[in-house]
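Peer 1: With the input below, show me the fold.
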Amino acid sequence: MYGFFLLLKTTALSELLAIRQNYSFDTNLCYLCFYIKYKTQGDILWRRLGSICAIKTSNLSMITKFEDLDLTKQYSYADYLTWQFQERLELIKGHIYKMTPAPARRHQQIVWNITGLFWEKFKKGPCKVYQAPFDVRLPKKGQVSDKQTFTVVQPDLCVICDLNKLDDRGCVGAPDLVVEILSPGNTKKEMKQKFDVYQEAGVKEYWLVQPDDRNVFQYVLNEDGIYIGLHPLTDEDILVSRAFPDFEIELAQLFD
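Peer 2: Numbering: from 1, shown residues only. Now for the predicted structure:
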């Protein structure tokens, strides 16, 4: 960040505008300049960077307390980027869903177990595996700007094979495979709202892991873009991925 700060301070505005013409600056850069203003009160830097980003300071407001959010309002990813507090949130169709502050020990153990199995499978391949916290933005088709994106989720685990979907802020578009592990308080969200947005976004395969019952629900997207639920699996079964047919997991390894 120091180098970026120095660039703004020492480079002529005309040169900065030329840089803007040669490179594609997205709103991430604009929010970086907002961060600089917020932390340093660097009004001169803000005006210079505002000239590059072509945005007005009045359009942005830094939210530092969760209590300052209006839970009846719809928010975008552009709003999400201005939130500076400890609570972890997800946006589903513009609505805020607060995440479990500290998942149960059993939940974390399953995350650890399944991450190890996925790492072993995908470590040498082209696909990438990410675990929460990792932002997955699911914009509607043709509406990929931050202000047009209203769903931002943090799956427990996801696999992404189209590396063009990755940027420094996470993933834009549907992962190939998503795994969610149920916790007290999030069951309804994972089984209803997130099921719907994963289906609409085109996530090819969705696993729902239930720690208490030691079972897994596996959903596979059909040709019509609708999830088909396969036979529920228990800790005595072997799960075979449909998106990656050579990937098998003895489910007992998940729950031990």
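
Peer 1: Return the per-residue confidence for the nearest residue to residue 133 once chain neighbours are set aside.
Peer 2: Using Cβ to Cβ, 6 or more residues apart in numbering and skipping the chain neighbours, the partner closest in space to residue 133 is residue 154 (5.2 Å). (Each C-beta comes from the backbone N, C-alpha and C, glycine too.) Listed pLDDT for residue 154 reads 95.

Peer 1: which regions of the chain sit below the pLDDT cut-off?
Peer 2: Scanning the chain for pLDDT under 70 picks out the ranges 1-61, 185, 187.

Peer 1: how about a cut-off of 50?
Peer 2: For the chain, applying pLDDT under 50 flags the ranges 1-11, 13-28, 31, 33-48, 50-59.

Peer 1: Centroid-nearest residue for it?
Peer 2: Using Cα atoms, centre = their mean, the residue of the chain that lies closest to the mean C-alpha position is residue 135, 1.7 Å off.

Peer 1: so it touches residue 154, yeah?
Peer 2: Yes: between residue 135 and residue 154 there is a contact under Cβ atoms under 8 Å: 6.3 Å.

Peer 1: Please report phi then psi for residue 72.
Peer 2: Main-chain dihedrals, residue 72, degrees, to the nearest 10: phi -90, psi -10.

Peer 1: Then residue 66?
Peer 2: Per-residue torsions, residue 66: phi -60, psi -40 (degrees, to the nearest 10).

Peer 1: top helix in the protein by residue count?
Peer 2: helix 105-122 (DSSP state H).

Peer 1: next helix or strand past that one?
Peer 2: Downstream of helix 105-122, the first helix or strand assigned by DSSP states H and E is strand 128-131.

Peer 1: And that following strand, what does it pack against?
Peer 2: Strand 128-131 sits against helix 105-122, strand 157-160, with contacts defined as 3 or more Cβ pairs under 8 Å, 6 or more residues apart in numbering; DSSP states H and E.
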